[in-house]
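S.K.: whatever this is, show me its structure:
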Amino acid sequence: MEKYQKFESVSFVESHHVPRRLARIMLISLVLLSIILFLPWTQTVRSTGSVTAFNPSNRPQTVHAIIGGRIEKWFVQEGDFVKKGDTLAFLTEVKPEYMDPKLISRTESQIRSKEGSANSYMEKIRALDQQIDALNDNRLIKLKQSENKIRQGRLKIKTDSMDFRANSKQLDIAIKQYERTEALVKEKLKSTTDLENKRLKVQEMEAKVVSLENRLLTSRNELLNAIAELNAIDSDYRDKIAKSEADKASTLSELYDTEATVTKMQNEVSNYTIRSGYYYVTAPQDGFISQALRSGVGETIKEGTPLLSIVPTLSDYAVELFVTPMDLPLLHAGEKVRMQFDGWPAIVFSGWPNVSHGTYGGIIMAIDNHVNDQGKYRILVKPDTADYTWPKGLRMGVAVNGFALLNDVPIWYELWRKINGFPPDYYTRDNLKKTAKKK
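M.R.: Residues are numbered from 1 along each chain as shown. Alright, predicted model coming up:
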């Protein structure tokens, strides 16, 4: 080895200080690595998504044609900013039943005519009501008169009957007087003249009794006639009143048909008026015209045909992120999320969110209960007011990378979990505290 002593490099190799330095460096590296392994590490769930609006009315929407027609004129072009109520396009009619330019005025004229007919029916009904009232009044009067006549007839029969019975008694008395006088004449106690007077009186009483009996029968016939007349009057007036009520019912039916027609035509006028307002397609809210889905003038479209899409101006930022079913149990409403927006530079340390730069904070507001077509669950995130304000230049649909913050664990534990392929800790800090108390 002495022949190599002249080389300077050999002297360095043979130096006994080199192994000590190397051991010291390795020891220091091991100590630093051990310290680093025990540093806190924030577990995260990575996800991707895009910028949207928390309120569904502020998301991109398509403007449809309410009615079918022909595109007559466009008032906007792609990229224009419009306010709510601004006219976007003008349509004209293609259906024959709506082409009459005076359709509304003509229908209103028909309505006025029908309303006049309804008023006439009302007047007729009032007249029939008055006629029915008059017939009822006359019926009551006639019935009262007939009842009075019947009562008079019964009283007359009673009077005639009493006269008849009284004269019948007098006839019996006259006959008996005649018989006594006849007996006295035979005994020569009375003259023949007295007998003749008694006979004459008997004949007069017989005539009078016959006359009274005839008058009694006449009174009874008059009573029967009065009763028949009462029934005839009642039947006659009932027929007249029934006919008037039938006319009234028929008139009411015609009135109701006319009113139904008027109501239907008024509905048609309202529909025509509302339809005419749909000729002008207006903007539902403030926003930018992003794409015209129908081109050219003169194109015929159907009801519900999409015409163009509007992107509203963002007023309530939100982010929709999509996570896998395995990570869904780790997320809860109210937890914080860090996000990186495309177009805004960022330095991300997922395990040390406080060291990251260019990321923005958010809070989970809602989690869907069903998966989308890609088999992922959607979560909605709103801005965290306690963190940096989100960029003002955000546009709808900007891509987002999200980091849901979970438990704080040592780095060695996170490395051990990843090497074994275990998911992040399922339990939250509150659950860990409860578990420790139970133990």
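S.K.: quick one: the strands in the stretch 301-439 of the chain?
M.R.: Ranges of strands in the stretch 301-439 of the chain, per DSSP state E, counting those that start in this stretch, are 306-312, 317-323, 336-341, 360-367, 377-383, 399-410.
S.K.: those strands into JSON lines, with extra columns for mean pLDDT and mean neighbour count?
M.R.: Quick note: C-beta positions are derived from backbone N, CA and C, even for glycine. As requested, those are exported to JSON lines (pLDDT from 0 to 100; neighbours: other C-beta atoms under 10 Å):
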{"stretch": "strand 306-312", "mean pLDDT": "87", "mean neighbour count": "19"}
{"stretch": "strand 317-323", "mean pLDDT": "89", "mean neighbour count": "22"}
{"stretch": "strand 336-341", "mean pLDDT": "85", "mean neighbour count": "22"}
{"stretch": "strand 360-367", "mean pLDDT": "88", "mean neighbour count": "18"}
{"stretch": "strand 377-383", "mean pLDDT": "91", "mean neighbour count": "21"}
{"stretch": "strand 399-410", "mean pLDDT": "75", "mean neighbour count": "19"}
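S.K.: and the ones you listed as JSON lines, adding distance to Val31?
M.R.: Shown next, in JSON lines, are these (distance: least, C-beta to C-beta, whole Å):
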{"stretch": "strand 306-312", "distance to Val31": "57"}
{"stretch": "strand 317-323", "distance to Val31": "39"}
{"stretch": "strand 336-341", "distance to Val31": "31"}
{"stretch": "strand 360-367", "distance to Val31": "35"}
{"stretch": "strand 377-383", "distance to Val31": "41"}
{"stretch": "strand 399-410", "distance to Val31": "16"}
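S.K.: look up how far His64 lies from the closest residue to Ala65 other than its chain neighbours.
M.R.: Spatial nearest neighbour of Ala65, excluding adjacent residues (C-beta to C-beta, 6 or more residues apart in numbering): Thr305 at 4.9 Å. Thr305 sits 6 Å away from His64, going by C-beta to C-beta, to the nearest Å.
S.K.: could you do Tyr272 as well?
M.R.: Applying C-beta to C-beta to Tyr272 and His64 gives a distance of 21 Å.
S.K.: just want the most central residue of the protein.
M.R.: In the chain, the residue lying closest to the centroid (C-alpha atoms, centre = their mean) is Asn267, at 17.6 Å.
S.K.: just the element for that residue, please.
M.R.: helix 192-277 (DSSP states H and E).
S.K.: gap between that helix and the chain center?
M.R.: With C-alpha atoms, centre = their mean, to the nearest Å as the basis, helix 192-277 stands 55 Å off its chain's centre.
S.K.: does anything pack onto it? Which helices or strands?
M.R.: helix 103-186 (3 or more C-beta pairs under 8 Å, 6 or more residues apart in numbering; DSSP states H and E).
S.K.: next, the angle helix 192-277 makes with the helix it packs on.
M.R.: Between helix 103-186 and helix 192-277, the angle comes out at 170 degrees (axes from the mean of the first three to the mean of the last three C-alpha atoms, to 10 degrees).
S.K.: report the mean confidence score over helix 103-186.
M.R.: For helix 103-186, mean pLDDT rounds to 88.
S.K.: so what does it touch, helix or strand wise?
M.R.: helix 192-277.
S.K.: got the buried residues for stretch 181-200?
M.R.: 181, 185, 190, 194-195, 198 (16 or more other C-beta atoms under 10 Å).
S.K.: between the residues you listed, which is nearest Asp236?
M.R.: Relative to Asp236, the closest of these is Lys198; by C-beta to C-beta it sits at 56.1 Å.
S.K.: how close does that closest one get to Gln177?
M.R.: Applying C-beta to C-beta, the value for Lys198 to Gln177 is 5 Å.
S.K.: report the contact partners of Lys190.
M.R.: Residues in contact with Lys190 (C-beta atoms under 8 Å, 6 or more residues apart in numbering) are 181, 184.
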